[in-house]
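**Student:** structure of the sequence below:
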Amino acid sequence: MSILSAQKFTIARIHYSGGGDWYSDPSSLPNLLEFIQTHTPMSVNPQEVRLKLTDADAGYYPYLYLTGHGNIRFTNDEVIALRSMLMNGAFLHADDNYGMDQSFRREMKRVFPNKDFIPLPHTHSIFSSYFIMKSGLPKVHEHDNNPPQALGLFDNEKLIVLYTFESDLGDGWEDASVHKDSWTIREAALKMGTNIIYFALTQ
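**Tutor:** Numbering: from 1, shown residues only. Now for the predicted structure:
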C-alpha cells in the first residue's frame with residue numbers, strides 16, 4: 001500500500017464494547033493529523049472516523065486505532081471482521097491509555113490464537129520511517145515506572161498490529177492544556193505517531 005495513494009488519509013478509531021472508554025483523548029487524533037499535515041507531504045482529513053468493526057464501510061480504512069483505560073470486548077463477528085481486515089492489508093495501532101492491557105491481550109488472542117506479541121528493538125525501521133527516534137518509543141506518562149514497550153504482531157515479515165504499552169502516546173497528542181505536558185514530550189509523541197503511520201502505509 002503506497003503512501004502516495006493514500007489521498008486524504010485519516011485515522012479510524014475503533015468503537016468497541018465491554019465498558020472501556022474507546023472515545024478517550026478526544027483531541028489526540030485531530031492534533032496528530034494536523035501535525036502530519038503540517039510536517040509531512042501527506043494530505044489528510046483532519047477529522048478522525050469512528051466506527052465499529054462490523055460497520056459496512058470499516059474495510060475502507062487502512063489505518064485503525066484503538067485506545068482506552070478499561071475493558072475491551074469484541075463480539076465473535078468483530079473478531080472475524082478484524083482478522084479479515086488485518087490479513088487483507090489493514091494496520092492496527094493499539095495505544096494503552098493505562099488499564100486496557102489485560103483485556104486487549106485477551107481479545108487479540110481471540111483474533112490471532114497462534115500469534116504472540118514480539119518486542120520491537122530500537123533499531124526497527126518504525127523508529128526511523130520519517131523522524132529518527134534514537135531512543136525508540138517515547139515515555140509520555142509514568143504509571144508503574146516501567147519502560148515503554150512497542151510490541152508487534154506479524155503476518156510473516158509484515159507488521160499488522162502495533163501495541164504501544166506504558167507510553168501513553170495518545171495523552172501526548174492531546175491539547176497542551178489537558179495534561180500540561182511539555183512541548184518536548186508532546187513533540188516526541190507526535191513524531192512517533194507520524195512514524196507509525198508512515199511505516200504502516202509504506203512497509
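**Student:** quick one: residues in contact with the longest helix seen in the chain.
**Tutor:** Counting residues, the longest helix found in the chain (DSSP state H) is helix 183-202. With C-beta atoms under 8 Å, 6 or more residues apart in numbering as the test, helix 183-202 has contacts from 1-3, 6, 9, 11, 31-32, 35-36, 39-40, 42, 62-63, 91, 93, 125-131, 133, 137-138, 140, 159, 162, 169, 171-173, 176. Quick note: C-beta positions are derived from backbone N, CA and C, even for glycine.
**Student:** now the helix or strand bottoming out on mean pLDDT in the chain - C-alpha only, CSV.
**Tutor:** One helix or strand of the chain scores below all others by mean pLDDT, DSSP states H and E: helix 176-179, with a mean of 88. Extracted in CSV, the C-alpha atoms of helix 176-179 (Å, rounded to 0.1, in the frame of the first residue of the first chain):
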residue,chain,number,x,y,z
ALA,A,176,-1.4,21.0,25.8
SER,A,177,-3.9,22.2,28.4
VAL,A,178,-5.2,18.7,29.1
HIS,A,179,-2.1,17.1,30.7
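**Student:** buried ones in that helix?
**Tutor:** By 16 or more other C-beta atoms under 10 Å, helix 176-179 has no buried positions at all.
**Student:** what's it in contact with?
**Tutor:** 25, 27, 141, 171-172, 183, 186.
**Student:** now, the contacts of helix 183-202 that are in strands?
**Tutor:** 63, 91, 93, 159, 162 (DSSP state E).
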